[in-house]
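Participant: Sequence plus predicted model, see below.
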Amino acid sequence: MIFFLTMMIDSYFSSLRWQDIADIALNSYILFRLFVLFRGTNVLRIITGMAIIWLMQWIAAAIGLIITIWVLQALTAVTALIIIIVFRNEIRRVLQTKNIRALLWDIPRPTVSTTVGIVAETAFELAQKRIGALMIFPVREDLSNAIHSGIAWDGLVSREMLLNIFWKSAPVHDGACVIHGKRVTQVGCILPLSLQKKLPSHYGTRHRAALGLSEQTDALVVVISEERGAVLVANHGTISRIRNETELVRLMDKRGGLQKKSVFFKKERWQLTLAAIVSVLLITGIWFNFTGGLDTIKTIEAPIEYMDRNPELEILNTSVVAVKLQLSGSDTLIKALQPDSVGVRLDLSEALEGANSFTLTEQNIKLPPGIVLKKMEPSVVEVMLDIIVTKELPIQVDWVGQMPPGLILKEATTKPQKIRVKGGKQVLKSILTLYTEQVSLNNISKSGKLTATLAINPALLAPVSPSENKVTVIYTVAKRK
Amino acid sequence: MLTKQSLILVLFILSLTLCFSLAIAKDNDTASAMPSSVLVNASTCEKIEMLAPVNQAAVFSVKKEQVFCLTTFNPVPQQTYVYHTWFRRDKLIKIKRLPLNPPRWTTFSSIQLRQADKGPWFIEINDRKGHLLKTLRFSLTE
């Protein structure tokens, strides 16, 4: 069993062409790009819904639920309309805002609104408004021994909340707030003051408190100077001024926030990697579903198309008109096979006047991808070619029926009496006369004239002047003696 | 060395050969110079009475059993012959060689008709050298 399975997989992969691999890779990438471009929108959810409908339809068809199939088919039929209507905003947004590079290559990063970002932004807003503040960011060490009188808060960090905490009229504005992760855990905290004596004179209690905590713990403390409107960071017993938000974000990321951000990007990387793997697996699955198996065989008759014939030569006769092709492929591909997608082409560029014999090979057969030729019959085609010449031939009426009793058709001539025709040299060699189509005598009782059409096989002969395919017959009727 | 008798014999043979060649050449010249027979009448008919065609026609019923091709030559300068070649739908059916005798001559050929013979026919009348003198066309119907 395992051996058989291994053989089957081996045979599958050995029959893979480079085009198949390119096919899978290209479609996997398209699917992945669709995910990247539409993630975070309703598109993916709706596509998933449609996939489920399609799966349900397939299951319903497999077990024969007639009404369910009918309903699901109706739903699938309006899918295109649904896609255009439901997705119109998303499609417009993607097409309008993205350039070619963004469509094909870039991976859009969602705007990450982290705690660090909010804190940095708020810190500089506080500084601008000359509102003093102290914000503590614990790293690893427990701060319970270092800070006192803290009031439990437990609020999600936001600009508005931070502004409110440090608003001059707020009861807790003088103390420090502790920000743990995304939440403000305590407010109104009293910090130990630094005992350093060489601090600049303009440093007040808030600066000393920040420095004091940073000396005793590994916490990072952001200080907003009320008097100078400056933002400072106390870290490992040192205090330094921060010029802008970016610098503050970088510093905070370096200490603690970075970990959170990297977790976020790591998560995104994983999400994209997973999407890429799913895309490849899905397309590979679909590909194998379409092409796998090669278990269905179908025989079709494909007409032979003769190409690159010398214009001076005419095909006089061929041994076969069509070739029977036994084709193999997956059930899906065989069912979808259209007769005009299969063709047999024969190159006559080197054919000569007379009989020519050609052996058909796989190169003569045009097949859609995924379809394999198992057998063809016949494999040899005889083609008789002839040189085109012209010849003047007399015309004769092909009379049928009977004249009325007592009358005879004494004489009949045609106008013109001869016409020039073109056709194969060999064909014309054996043709001595051009006959009209059958003309009935039954209604002829007196002399007159009529028009008759020439009975010419257009595959073999043609009048040089196309208008000369009809002649006038002038006839004389006489009484029988 | 050739003897006198042998020399006379060789000269005699050479003279005979020369005379014979000249006689043949003269005969050929006479033949090509002679006026050829002239076809004055050719027709297809149901029967022939007193060497004249009866019910001359372009369509015959196969019920009539026979069709004739009658040709009259005048003059006929010397004894010769003509060919009546019968075709049905371009397929050769019959060739009839007919002698002509001076000074004028009427001759004919015919075919027996069968149901299977229905269709267009033609007869080519050619002289001894194969020159086409006339083509007669007719049909056999029910």
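Facilitator: Everything's here; your move. Numbering: from 1, shown residues only, chains lettered A, B, ... in the order given.

Participant: Next, the contact list for residue A:226, please.
Facilitator: The neighbourhood of residue A:226, defined by C-beta atoms under 8 Å, 6 or more residues apart in numbering or on different chains, consists of A:130-132, A:204, A:206. For the C-beta atoms, the positions are set from N, CA and C on the backbone; glycine is no exception.

Participant: From those residues, list just the buried residues.
Facilitator: Applying 16 or more other C-beta atoms under 10 Å in any protein chain shown to the contacts of residue A:226, the neighbour count classes A:131-132, A:206 as buried.

Participant: Among those residues, name the ones in strands.
Facilitator: Counting by DSSP state E, no part of those is found in strands.

Participant: quick one: pLDDT of the spatially most central residue of chain B?
Facilitator: The residue lying closest to the centre of chain B (C-alpha atoms, centre = their mean) is residue B:82, at 0.4 Å. Residue B:82 is assigned 96 on the pLDDT scale.

Participant: Only C-alpha atoms, please: export the helix or strand it falls within in PDB.
Facilitator: Per DSSP states H and E, residue B:82 falls inside strand B:80-88. Provided in PDB are the C-alpha atoms of strand B:80-88 (Å, rounded to 0.1, in the frame of the first residue of the first chain):
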ATOM      1  CA  THR B  80      -8.800   4.700 -95.400                       C
ATOM      2  CA  TYR B  81     -10.600   4.300 -92.100                       C
ATOM      3  CA  VAL B  82     -12.100   6.300 -89.300                       C
ATOM      4  CA  TYR B  83     -12.700   5.700 -85.600                       C
ATOM      5  CA  HIS B  84     -16.000   6.000 -83.700                       C
ATOM      6  CA  THR B  85     -15.100   6.200 -80.000                       C
ATOM      7  CA  TRP B  86     -18.000   6.000 -77.600                       C
ATOM      8  CA  PHE B  87     -17.800   7.500 -74.100                       C
ATOM      9  CA  ARG B  88     -20.200   7.400 -71.200                       C
END
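
Participant: and it, anywhere near chain A?
Facilitator: Yes. Counting by C-beta under 8 Å from any C-beta of the partner chain, contacts between strand B:80-88 and chain A involve residue B:87.

Participant: which residues does residue 55 contact?
Facilitator: I went with chain A, as the question did not name one. Residue A:55 touches nothing, counting by C-beta under 8 Å, 6+ apart.

Participant: my question was about chain B
Facilitator: A:408, A:480-481, B:45-47.

Participant: rewinding a little: of all the contacts of residue A:226, which comes closest to chain B?
Facilitator: residue A:131 (118.0 Å; C-beta to the nearest C-beta).

Participant: Got the confidence number for that closest one?
Facilitator: Confidence at residue A:131, expressed as pLDDT, is 89.

Participant: Could you find the closest non-adjacent residue to it?
Facilitator: residue A:166 (5.2 Å; C-beta to C-beta, 6 or more residues apart in numbering or on different chains).

Participant: what's that neighbour sitting at in phi/psi?
Facilitator: Main-chain torsions, residue A:166, degrees, to the nearest 10: phi -90, psi 10.

Participant: how close does it get to chain B?
Facilitator: Applying C-beta to the nearest C-beta, to the nearest Å, the value for residue A:166 to chain B is 118 Å.

Participant: Over to residue A:74?
Facilitator: 64 Å.

Participant: and whatever helix or strand that residue lives in, which residues are buried?
Facilitator: For residue A:74, the element it lies in under DSSP H and E is helix A:66-77. Neighbour counts over helix A:66-77 (16+ other C-beta under 10 Å) mark A:69, A:72 as buried.

Participant: Past it, which element shows up next along the chain?
Facilitator: helix A:79-86.

Participant: what packs against that following helix?
Facilitator: In terms of contacts (3 or more C-beta pairs under 8 Å, 6 or more residues apart in numbering or on different chains; DSSP states H and E), helix A:79-86 is packed against helix A:42-63.

Participant: tilt between the helix it packs on and helix A:79-86?
Facilitator: With axes from the mean of the first three to the mean of the last three C-alpha atoms, to 10 degrees applied, the angle from helix A:42-63 to helix A:79-86 works out at 160 degrees.

Participant: Let's see helix A:42-63 as CSV, backbone CA atoms only.
Facilitator: Coordinates of each C-alpha in helix A:42-63 appear next as CSV, following Å, rounded to 0.1, in the frame of the first residue of the first chain:
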residue,chain,number,x,y,z
ASN,A,42,-14.8,42.5,4.9
VAL,A,43,-13.6,41.1,1.7
LEU,A,44,-11.8,38.1,3.3
ARG,A,45,-14.8,37.3,5.4
ILE,A,46,-17.1,37.4,2.4
ILE,A,47,-14.7,35.3,0.3
THR,A,48,-14.6,32.8,3.1
GLY,A,49,-18.4,32.8,3.1
MET,A,50,-18.5,32.1,-0.6
ALA,A,51,-16.0,29.3,-0.3
ILE,A,52,-18.2,27.7,2.3
ILE,A,53,-21.2,28.1,-0.1
TRP,A,54,-19.2,26.5,-2.9
LEU,A,55,-18.1,23.6,-0.6
MET,A,56,-21.7,23.1,0.5
GLN,A,57,-22.8,23.0,-3.1
TRP,A,58,-20.2,20.4,-3.8
ILE,A,59,-21.3,18.3,-0.8
ALA,A,60,-25.0,18.7,-1.8
ALA,A,61,-24.2,17.6,-5.3
ALA,A,62,-22.3,14.6,-4.0
ILE,A,63,-25.1,13.4,-1.8
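
Participant: Run the chain-centre distance for it.
Facilitator: Here helix A:42-63 is found 19 Å from its chain centre; the criterion is C-alpha atoms, centre = their mean, to the nearest Å.

Participant: What's the local residue count around residue 116?
Facilitator: Went with chain A since none was named. Residue A:116: 25 surrounding residues under other C-beta atoms under 10 Å in any protein chain shown.

Participant: my question was about chain B
Facilitator: Neighbours of residue B:116 (other C-beta under 10 Å): 9.
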